[in-house]
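Trainee: attaching a predicted model along with its sequence, questions to come.
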Amino acid sequence: MDGGQNFRIDPDRLWNSLHEMAQIGPGVAGGNNRQTLTEEDAEGRALFQSWCEAAGLSMGVDTMGNMFATRAGEDPEALPVYMGSHLDTQPTGGKYDGVLGVLGGLEAIRTMNDLGVKTKHPIVLTNWTNEEGTRFAPAMLASGVFAGKHSQDWAYDRVDAEGRRFGDELKRIGWVGDEEVGARKMHAMFELHIEQGPILEAKEKDVGVVTHGQGLRWIECTVTGKESHTGSTPMSMRKNAGRGLALITELVHEIAMKNQPNAVGAIGHIDVYPNSRNIIPGKVVFTVDMRTHLLDKLNGMVAELMERAPKLCEEIDVSFEAEIVGQFDPPAFDEGCVAAVREAAEELGYSHMDIVSGAGHDACWINDLAPTAMIMCPCVDGLSHNEAEDISKEWAQAGTDVLLHAVLNTAEVVE
């Protein structure tokens, strides 16, 4: 791309946009609570639309509420290059998770406009609905429907903690579009996102070049023993389901450590029955979360858990049952798009490293439809899904500069 290092975004304009958006749905501790399909989400969408229209973009919305802002290309037959992420947040979310990818994309387009850059391919900026999945499970819901992973009817029937349907809430806030979801075709897609982990900051790198996403398996486990009095039941006669949980917790850690690097495992959600101070647990239900970026390794980790956990439980006279309740296979991002990101970082003089995304993102679903890659920006202490989430203006600029160049190289600048 001619122009090289002269193509740079306006970091102050990007920073101001990020913090103006953060004023919508403020959290209680400096972050954001702009959960999907709330009034705050609707307000954030409206602000984003107004900024897109001011930048000369045309807005389309599909029946899942996904927003698509288009900058026209010189070739009307050329498929668009997409970029974007999400504007919804966790209940105690930060100001940058997802939002950087959307507003960084907007800043890239504003910079193109400032420089009078024209491209062969149209460029489309996307806000994907309900990436977080905190109000309506699962995460990445609307991009999942777009990619054919879920049906729209199934998605519309998802309910929140108060029993409100996704479809009804989307209609209530006024963001049901008229486009058929998934009908759009893509030349490529790029997603800029904060790392949500500590690696880039620890390695003192400006940019993460994401080569893979992690696959995931959620295994819901039930250990069943026998409820009995904690004071009067001899130790040798106990059937303690809580002890089974403890043994499997250590097993999960052992399996993850054996499969380093880029493998993780932990137990998060736990329900103990009857959950009384003086009753030995008769049943414990918990979910094991295992992730890695290689499918064979991921399947092997799960297989080892399924083989060893029942034996551990049998040894202490309790039973073990398990089923997989959530899963997606690890995506390997497109080599051409990954190369475009890496070359952009090198061209701009930013330090960079290859990295595996530890979290799921909309790009993981879109990767099945079109060549896709991700760009990561460091975040302070790797903290995310927390109101204390923080990045620097310089990190935001580096990631967005790389996004700008990768997109322009892929969309083909017209002289």
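Mentor: In hand now; what should we look at?
Trainee: need the contact list for the closest residue to Glu191 other than its chain neighbours.
Mentor: Computed as CB to CB, 6 or more residues apart in numbering, the closest residue to Glu191 that is not its neighbour in sequence is Ala363, at 4.0 Å. (C-beta placed from N, C-alpha, C; glycine too.) By CB atoms under 8 Å, 6 or more residues apart in numbering, the residues touching Ala363 are 189-191, 213, 331, 333, 372-374.
Trainee: can you show me the helices along the stretch 51-200 of the chain?
Mentor: 99-115, 141-146, 152-156, 166-172, 199-203 (DSSP state H, counting those that start in this stretch).
Trainee: helices or strands next to the third one in the packing?
Mentor: The reference is to helix 152-156. Applying 3 or more CB pairs under 8 Å, 6 or more residues apart in numbering; DSSP states H and E, we find helix 152-156 packed against helix 141-146, helix 166-172.
Trainee: deepest in the core, which of the helices of the stretch 51-200 of the chain is it.
Mentor: Sort these by mean neighbour count, taking mean count of other CB atoms under 10 Å, and helix 141-146 sits at the top with a mean of 27.
Trainee: contact partners of that one?
Mentor: So helix 141-146 is in contact with 62, 64-66, 128-131, 133, 138, 150-152, 155, 158, 166, 181-182, 184, 362, 365-366, 369, going by CB under 8 Å, 6+ apart.
Trainee: 7 Å instead?
Mentor: 64-66, 128-130, 133, 150, 152, 155, 158, 181-182, 362, 365-366 (CB atoms under 7 Å, 6 or more residues apart in numbering).
Trainee: ditto for stretch 317-335
Mentor: With CB under 7 Å, 6+ apart as the test, stretch 317-335 has contacts from 138, 210-225, 239, 241, 244, 292-295, 298, 306, 309-310, 313, 364, 367, 371-374.
Trainee: with only the CA atoms kept, save it in CSV.
Mentor: Provided in CSV are the C-alpha atoms of stretch 317-335 (Å, rounded to 0.1, in the frame of the first residue of the first chain):
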residue,chain,number,x,y,z
ASP,A,317,-17.1,-44.5,47.3
VAL,A,318,-18.9,-41.8,45.3
SER,A,319,-20.2,-41.9,41.8
PHE,A,320,-19.4,-39.6,38.8
GLU,A,321,-21.5,-38.6,35.8
ALA,A,322,-20.7,-36.0,33.1
GLU,A,323,-22.0,-34.5,29.9
ILE,A,324,-20.7,-31.9,27.5
VAL,A,325,-23.0,-28.9,27.7
GLY,A,326,-21.1,-26.4,25.7
GLN,A,327,-18.5,-26.6,23.0
PHE,A,328,-16.9,-25.1,19.9
ASP,A,329,-13.8,-26.3,18.0
PRO,A,330,-10.7,-24.1,17.9
PRO,A,331,-10.6,-21.8,14.9
ALA,A,332,-7.4,-21.4,12.9
PHE,A,333,-7.5,-17.9,11.4
ASP,A,334,-6.9,-17.4,7.7
GLU,A,335,-3.2,-17.4,6.9
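Trainee: re the thing from before, out of the contacts of Ala363, which is nearest to Asn275?
Mentor: Gly213 (36.0 Å; CB to CB).
Trainee: tell me the bridge partners for that closest one.
Mentor: Going by DSSP bridges, Gly213 is paired in beta bridges with Ser357.
Trainee: got a list of what it touches?
Mentor: Contacts of Gly213 (CB under 7 Å, 6+ apart): 293, 330-331, 357, 360-361, 364.
Trainee: Gln49 now?
Mentor: Met59.
Trainee: distance check, it against Leu383.
Mentor: According to CB to CB, to the nearest Å, Gln49 and Leu383 sit 30 Å apart.
Trainee: strands along the stretch 1-150 of the chain, start to end?
Mentor: 58-61, 67-71, 81-85, 118-119, 123-127 (DSSP state E, counting those that start in this stretch).
Trainee: can you give me the helices in the stretch 201-350 of the chain?
Mentor: Under DSSP H, counting those that start in this stretch, the stretch 201-350 of the chain gives helices at 241-258, 295-315, 335-348.
Trainee: which stretches of the stretch 301-415 of the chain have low pLDDT?
Mentor: Across the stretch 301-415 of the chain, nothing is flagged by pLDDT under 70.
Trainee: just the buried residues of the helix or strand of the chain at the bottom of the mean pLDDT ranking, please?
Mentor: Counting by mean pLDDT, DSSP states H and E, the chain has its least confident helix or strand at strand 319-328, which shows a mean of 92. Neighbour-count burial for strand 319-328, with 16 or more other CB atoms under 10 Å as criterion, is recorded at 320, 322, 328.
Trainee: what is the burial count for the closest residue to Glu204 other than its chain neighbours?
Mentor: Nearest residue to Glu204 in three dimensions, chain neighbours excluded: Ser351, at 7.0 Å (CB to CB, 6+ apart). Per other CB atoms under 10 Å, the neighbour tally for Ser351 reads 13.
Trainee: repeat that for the one 10 residues further on.
Mentor: Using other CB under 10 Å, the number of residues around His361 comes to 27.
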